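Colleague: Quick one, what's the 3D model for this:
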Amino acid sequence: MYENQLKPRHKVKRGAKFNYTSLLDKTPPLSEYKINFVLNPEEKYPYPLKAWFEEGNVQRRLGNMFSMDSLGLPITEEFSTVDEEMVQKFRNTISYKDGRYHVQLPWYEDKVKSVPSYYNAALRILERVVKDLEKKGLYDQYVDVFRQQEDEGIIEEITVTPEDFQKYIWIPHRPVLKLTDQTTVFICSYKGANATSLNEAAYPGVNLMGDMLELLIRFRANKYVLLADIRKAFLMIRLELEKDCNRFCFFLKKGDNLHCYRYSTILFGFNASSFILNYVLKYHAEKFPADEYSQVLRSTFMLTIW
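Modeller: Here you go, the predicted structure:
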């Protein structure tokens with residue numbers, strides 16, 4: 001499915017324009033249930049401050065944060081042979097060049113070949129996102145987020161004719177509106193009937209989070225606490241393979257035209273991203289002497305929120 005896409009990135013044409021309305025007219029409708037799955041996901045846990053803070057609608061993965069595993073009370077056995085093989089295979093793909101770490105994404109090869117392109121869903125969900133944000137006067141601000149990412153080389157515009165949409169995997173996306181700004185969420189868990197989602201096809205990795213119980217004790221036992229925010233952490237880790245980039249594609253409306261883009265980095269919403277980021281940080285720490293500074297990275301408890 002992807003062999004014909006393995007082309008050097010500098011040869012990819014950019015700037016193709018397809019009429020947005022005309023393409024939508026040719027796109028089959030999508031059920032309201034599937035649209036709501038992306039735009040109005042059900043909350044997995046109650047958030048008592050929701051009435052006061054809009055960002056309370058965002059999934060913060062608190063269930064995992066307070067799970068038995070994160071509290072230092074594992075409920076599973078040691079890493080399986082499959083985990084060891086997959087982690088080692090991923091480790092062997094890590095490279096450092098041009099000031100960035102590059103990786104190959106860990107896939108279940110039998111599953112990823114069966115993931116549909118989902119271009120129909122991506123187009124119909126984009127249609128709803130555009131309508132909702134234009135009513136609120138926020139669509140230009142939404143596009144600006146992607147324009148900045150393009151300037152930073154995080155995403156790149158590609159030419160894909162409608163006839164070739166099915167050769168790529170398109171990820172639906174939606175905004176998350178906060179009190180002061182907005183961010184973008186990509187729904188890699190989207191799946192059609194009797195189909196495989198992109199997240200199901202990816203190896204999610206093993207739990208590399210620091211022991212939360214140990215972290216809480218450190219808060220009580222030490223005088224100082226170090227907190228840090230890694231700016232656009234996921235977007236700093238680049239994809240090595242062309243075929244991985246072609247599985248991270250998305251549509252964007254600009255004016256009256258539809259534009260095609262793809263990510264050159266891992267992204268938030270992809271279930272292996274947390275594992276990849278944690279592993280790369282610890283991999284980076286291993287390159288330095290085992291002093292108190294590198295130990296901070298090795299024992300970090302990382303919580304990803306939006």
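Colleague: From F251, how far out is Y119?
Modeller: Y119 is 8 Å from F251, where distance means CB to CB, to the nearest Å. For every residue, glycine as well, the C-beta is placed using N, CA and C.
Colleague: Same question for T159.
Modeller: Applying CB to CB to T159 and F251 gives a distance of 13 Å.
Colleague: quick one: common contacting residues for the two?
Modeller: Common neighbours of T159 and F251 (criterion: CB atoms under 8 Å, 6 or more residues apart in numbering): C260.
Colleague: Of the two, which one has the most company?
Modeller: Higher neighbour count among T159 and F251: F251, with 23 against 14, using other CB atoms under 10 Å.
Colleague: In a strand, the more buried one, correct?
Modeller: Yes - under DSSP: H, G, I helix; E, B strand; the rest coil, F251 falls within a strand.
Colleague: That one and L126 touch, don't they?
Modeller: Yes - under the criterion of CB atoms under 8 Å, F251 makes contact with L126 at 5.1 Å.
Colleague: Identify each buried residue in the helix or strand harbouring I276, please.
Modeller: Per DSSP states H and E: I276 is located in helix 273-285. Under the neighbour-count criterion of 16 or more other CB atoms under 10 Å, helix 273-285 has S273, S274, F275, I276, L277, N278, Y279, V280, L281, Y283, A285 buried.
Colleague: Check stretch 199-209 too.
Modeller: Applying 16+ other CB under 10 Å to stretch 199-209 flags N199, E200, A201, A202, Y203, G205, V206, N207, L208, M209 as buried.
Colleague: any chance of those in TSV, with pLDDT, secondary structure and distance to H173 too?
Modeller: Shown next, in TSV, are the buried residues of stretch 199-209 (pLDDT from 0 to 100; DSSP: H, G, I helix; E, B strand; the rest coil; distance: CB to CB, whole Å):
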residue	pLDDT	secondary structure	distance to H173
N199	95	helix	14
E200	95	helix	18
A201	96	helix	18
A202	96	strand	17
Y203	95	coil	23
G205	89	coil	23
V206	84	coil	28
N207	75	coil	27
L208	70	coil	27
M209	63	coil	26
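Colleague: and the residues you listed, which two are the farthest apart?
Modeller: A201 and M209 (23.2 Å; CB to CB).
Colleague: before we move on, back to that, so which elements touch the helix holding I276?
Modeller: helix 81-91, strand 100-103, strand 237-239, helix 292-298 (3 or more CB pairs under 8 Å, 6 or more residues apart in numbering; DSSP states H and E).
Colleague: low-confidence ranges in the stretch 51-200 of the chain?
Modeller: By pLDDT under 70, the low-scoring segments of the stretch 51-200 of the chain are 51-79, 178-181.
Colleague: measure Y283 to K243 for me?
Modeller: Y283 sits at a distance of 23 Å from K243 (criterion: CB to CB).
Colleague: So what touches the longest helix anywhere in the chain?
Modeller: Secondary structure of the chain per DSSP state H: the longest helix is helix 119-136. Here helix 119-136 makes contact (CB under 8 Å, 6+ apart) with 23-24, 27-30, 34-35, 38-39, 139, 142, 165-166, 168, 170-175, 187, 190, 192, 250-253, 258.
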